[in-house]
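Student: Pasting a predicted model and its sequence here:
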Amino acid sequence: MTDQTIIVHASELVTLKGPKRSRTKSEMSDLSIIKDGAIVLEDGAIADVGRTQSILKEHDATGIERVDASGKVVMPGFVDPHTHLVYAGSREFEIELKIKGKSYMEILAEGGGILRTVRDTRAASSQELYQQSARRLESMIAHGSTTMEAKSGYGLDLETEVRILETVAKLGEDYPADLVPTFMGAHATPPEFEGRPGDYVDFVADKVVPLVSARKLAQFCDVFCEKGAFTPDQSRRVLLAAKEHGMQLKVHADEFASSGGAELAAEVGAVSADHLAKPSDDGIMAMARKDVVGVLLPGTPFSSLSMEYADGRRLIDLGVPVALATDLNPNCWNESMQFVISLACYRMRMTPAEAITAATINAAAALGMDKRIGSLERGKRADVLVMDVPSHAHIPYRFGTNLCSAVFKDGKKIWEKQPFRPA
């Protein structure tokens, strides 16, 4: 017996039907909206899309679950292509230090920063790591994310990096969301390798990458190519080792300075380069030529009290396919792609349509999944959101609240907003 649901009378059915690839330039403004739209979900896939009147004529809806989306937007599930989902502990004490003007290095000296999270994550049991990460994942699903990338990088030793990736796999088995694992052992130099980043790079490339690959723990490998982290040569060493072992590549690039990260991403054939607050002109053009997705993370400068946001407008105009992501991590504890869309509009001069494209089909491309998810087209996976707003422009406009009414994953309703019932 087939499992069917039909969603009808959407004020806007945001299909994003278009080129079978990431969208660039003016393509990012075309959401292919159907007014009074309907969509048929069947056995986990999208069976039909169109105007409600036509869909109801073509499909006998007798006995099929019907969802009335009158006055609401129906759109693809959000894809979050850059998260550090799995870690232990928190760093809320850093807020006051930032407000007082402390630099990252000063916060690090006062017991904060990435090495604080490394200590907490190494000390956590596997159960604690799972439980803390699961609460974040549940919140992400409730806010409409149906596919998320999840990086390691808060272990910086073999045992903990493996445990993080195993936790990602277990969460993916237990929760109705697709989790895409990324190995990011080259996130920072750990204390035991202090002053010897080259030796740590050798350790990651020669010892950890082969083991992660052999155990099929990660689809991607990412590296923090940045001044104060790893040089382009050091980053290239890890990335090429990962590529040789069958992993796809990503690069943390040019967040604080023009460090050659964008150029490196294009050179090694990375699927995406992420952050891009300060890429060089040559790096931007190299990415555009190689169709490297630029994943922008406006939550990061927001949480860091910085005004140095990536120039989304310029990247789009120069032909880079732009995606958005939360960068969920202890410094940027953001579980909502809706908030990211708002920041993209208010801080990076992206239009609502461009931001939605960046959070769906282009975000799927940043994970190599745009042929399966990211738009509402026949044959794609039925990852669908019902948003309690009359038009797509309300999504960035009404920030600070969860606008999701219902979340469908593979055609099944996995979350629904409960109505408020006053006493």
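Tutor: That came in fine, so what should we check first? Just so it is clear, the model here is predicted, and its values are computed rather than measured. Residues are numbered from 1 along each chain as shown.

Student: can you map out the strands along the stretch 101-250 of the chain?
Tutor: 145-151, 178-186, 220-225, 248-253 (DSSP state E, counting those that start in this stretch).

Student: where exactly do the helices run in the stretch 151-300 of the chain?
Tutor: 158-174, 197-203, 209-214, 232-244, 261-268, 281-290, 299-303 (DSSP state H, counting those that start in this stretch).

Student: what is the mean pLDDT for stretch 129-144?
Tutor: Averaging pLDDT along stretch 129-144 gives 98.

Student: Repeat that for stretch 294-305.
Tutor: Stretch 294-305 comes out at a mean pLDDT of 97.

Student: picking that back up, looking at the strands of the stretch 101-250 of the chain, which is nearest to Gly111?
Tutor: strand 220-225 (20.9 Å; C-beta to C-beta). Using the backbone N, CA and C atoms, a C-beta is placed for each residue, glycine as well.

Student: Quick check: Val223 vs Thr189, distance?
Tutor: For Val223, the distance to Thr189 equals 12 Å [C-beta to C-beta, to the nearest Å].

Student: what number of residues lie near Ile240?
Tutor: I think there's a mix-up here, since residue 240 is Leu and not Ile. Using other C-beta atoms under 10 Å, Leu240 has 15 neighbouring residues.

Student: measure the closest residue in space to it that isn't next to it in sequence to Glu244 for me?
Tutor: Nearest residue to Leu240 in three dimensions, chain neighbours excluded: Val268, at 6.6 Å (C-beta to C-beta, 6 or more residues apart in numbering). Val268 sits 11 Å away from Glu244, going by C-beta to C-beta.

Student: Between these two, point out the one with more neighbours.
Tutor: Taking other C-beta under 10 Å, Val268 and Glu244 do not tie; Val268 has more neighbours (18 against 12).

Student: Was I right to think the more buried one contacts Val238?
Tutor: No - with contact defined as C-beta atoms under 8 Å, Val268 does not count as touching Val238 (10.2 Å).

Student: Break the protein down into its structural domains.
Tutor: Domain ranges of the chain: 4-76+376-416, 79-365, per automatic domain parsing.

Student: Tell me which of those sits most buried.
Tutor: Neighbour counts (mean count of other C-beta atoms under 10 Å) averaged over each of these peak at domain 79-365, with a mean of 21.

Student: between the domains of the chain, which one is nearest to Pro422?
Tutor: Closest among the domains of the chain, using C-beta to C-beta: domain 4-76+376-416, at 18.2 Å.

Student: Straight-line length of that closest one, end to end?
Tutor: 18 Å (C-alpha to C-alpha, to the nearest Å).

Student: Run the chain-centre distance for that domain.
Tutor: Taking the mean of its C-alpha atoms, domain 4-76+376-416 sits 20 Å from the chain's own mean (C-alpha atoms, centre = their mean, to the nearest Å).

Student: Stretch 141-160 too?
Tutor: With C-alpha atoms, centre = their mean, you get 10 Å for stretch 141-160.

Student: which residues touch the spatially closest residue to Ser126 that is not a sequence neighbour?
Tutor: Excluding its sequence neighbours, the residue lying closest to Ser126 (C-beta to C-beta, 6+ apart) is Arg163, at 6.0 Å. Neighbouring residues of Arg163 by C-beta atoms under 8 Å, 6 or more residues apart in numbering: Ser126, Leu129, Gly155.

Student: any idea how far Ala273 is from Ala365?
Tutor: Counting by C-beta to C-beta - Ala365 and Ala273 are separated by 13 Å.

Student: Need the residues touching each of those two.
Tutor: With C-beta under 8 Å, 6+ apart as the test, Ala365 and Ala273 both reach Val293.

Student: would CSV of the contacts of Arg163 with distance to Val49 be doable?
Tutor: Compiled in CSV, those are given as follows (distance: C-beta to C-beta, whole Å):
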residue, distance to Val49
Ser126, 43
Leu129, 40
Gly155, 43
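
Student: Thought Gly379 was touching Ile46, still the case?
Tutor: Yes - in terms of C-beta under 8 Å, Ile46 counts as a neighbour of Gly379; the distance is 6.7 Å.

Student: Ranking helices and strands of the chain by mean pLDDT, which lands last?
Tutor: Every helix and strand in the chain was compared by mean pLDDT, DSSP states H and E; the lowest is helix 104-109, with a mean of 79.

Student: name the helices or strands packed onto that helix?
Tutor: Applying 3 or more C-beta pairs under 8 Å, 6 or more residues apart in numbering; DSSP states H and E, we find helix 104-109 packed against helix 94-99, helix 113-123.

Student: got those helices as JSON lines, with distance to Ala69 and mean pLDDT columns?
Tutor: Shown next, in JSON lines, are these (distance: least, C-beta to C-beta, whole Å; pLDDT from 0 to 100):
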{"stretch": "helix 94-99", "distance to Ala69": "39", "mean pLDDT": "94"}
{"stretch": "helix 113-123", "distance to Ala69": "41", "mean pLDDT": "96"}
